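Q: Show me the folded form of this:
(one chain, ligands or ions: 1)
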Amino acid sequence: MSKHPKLETLRILHYPDPRLRERAAEIRAIDGFLQELAHRMDELMKEAGGVGLAATQVGLGIRFIVMNPTPEPDKVQTYINPVILSREGKVMEEEGCLSLPGLFAKVRRAERVRVRAQLPNGETVEMEADGLAARAWQHEIDHLDGGLFVDRVGPAARIIIRNQLKAFEEDFRQASSHVGTAESDAPPAPASEKTRTRKART
Ligand SMILES: [Zn+2]
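A: A predicted model of the protein is given here:
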């Protein structure tokens with residue numbers, strides 16, 4: 001990135017913000033900014049009660065994710081240029097997204113994935129992930145490619161969530177018509193959702 005944004009101004013974008021649909025670029029140079037960005041994204045993720053957050057969700061088009069699929073709050077993991085090398089098995093589970101707060105739907109995902117990424121210290125790691133971690137990897141990499149989990153729900157679930165998607169679209173239209181930026185005007189997630197932290201809200 002040629003210019004670094006002010007970290008305190010970053011907010012989680014909500015569907016249907018068009019920035020969520022952009023494909024993120026590879027990170028060529030690992031610098032101190034990424035460490036600060038990881039800290040800020042972890043903060044936003046925790047505030048929203050999520051297990052993962054992609055840079056595209058805060059309006060930055062770079063291949064960068066943070067996730068914490070563990071129950072321990074200080075176990076946040078930061079990955080640069082993450083890729084899925086292989087997938088195994090299929091599992092259908094309910095999933096949510098911090099860019100669509102309060103909306104949950106069942107999505108079919110690979111049960112296990114083998115992944116590769118760089119760490120903020122420049123080291124390249126390869127590992128296996130399953131369970132919530134496997135789901136988070138797949139969900140976050142979709143974000144980096146401009147995808148959202150609602151793109152992957154089946155036709156029956158699509159009918160069920162249709163009205164919720166329309167409500168997000170209406171909120172976004174209204175927020176966009178105000179002075180200022182849409183994401184800062186977007187309402188926070190309802191309090192009841194914040195307790196559902198162990199779901200794959202990423
Ligand atoms: Zn998400």
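Q: Leaving out chain neighbours, which residue sits closest to the one residue sitting closest to the centre of the chain?
A: Centroid check for the chain by C-alpha atoms, centre = their mean gives Leu53 as the closest residue, at 3.5 Å. Ranked by C-beta to C-beta, 6 or more residues apart in numbering and with sequence neighbours excluded, the top spatial neighbour of Leu53 is Met45, at 4.3 Å. C-beta here means a position set from N, CA and C on the backbone, and glycine is covered the same way.
Q: circling back: quick check: the residue nearest to the centre of the chain touching Met67?
A: Yes: in this structure, Leu53 is within contact of Met67 by C-beta atoms under 8 Å, at 7.5 Å.
Q: Residues that sit against both of those two, list them.
A: Glu140, Thr202 (C-beta atoms under 8 Å, 6 or more residues apart in numbering).
Q: ok, back up a step: after the host helix or strand of the residue nearest to Leu53, which helix or strand is next? Please name it.
A: Per DSSP states H and E, Met45 falls inside helix 32-48. Following helix 32-48 in sequence order, the next helix or strand is strand 52-54 (DSSP H and E).
Q: What lies in contact with stretch 151-171?
A: Against stretch 151-171 from outside (C-beta under 8 Å, 6+ apart): 14-16, 100, 102-103, 105-108, 142, 150, 186-187.
Q: Determine which two of the residues you listed are furthest apart.
A: Spatial extent of those (C-beta to C-beta) is set by the pair Arg108 and Pro187 at 30.2 Å.
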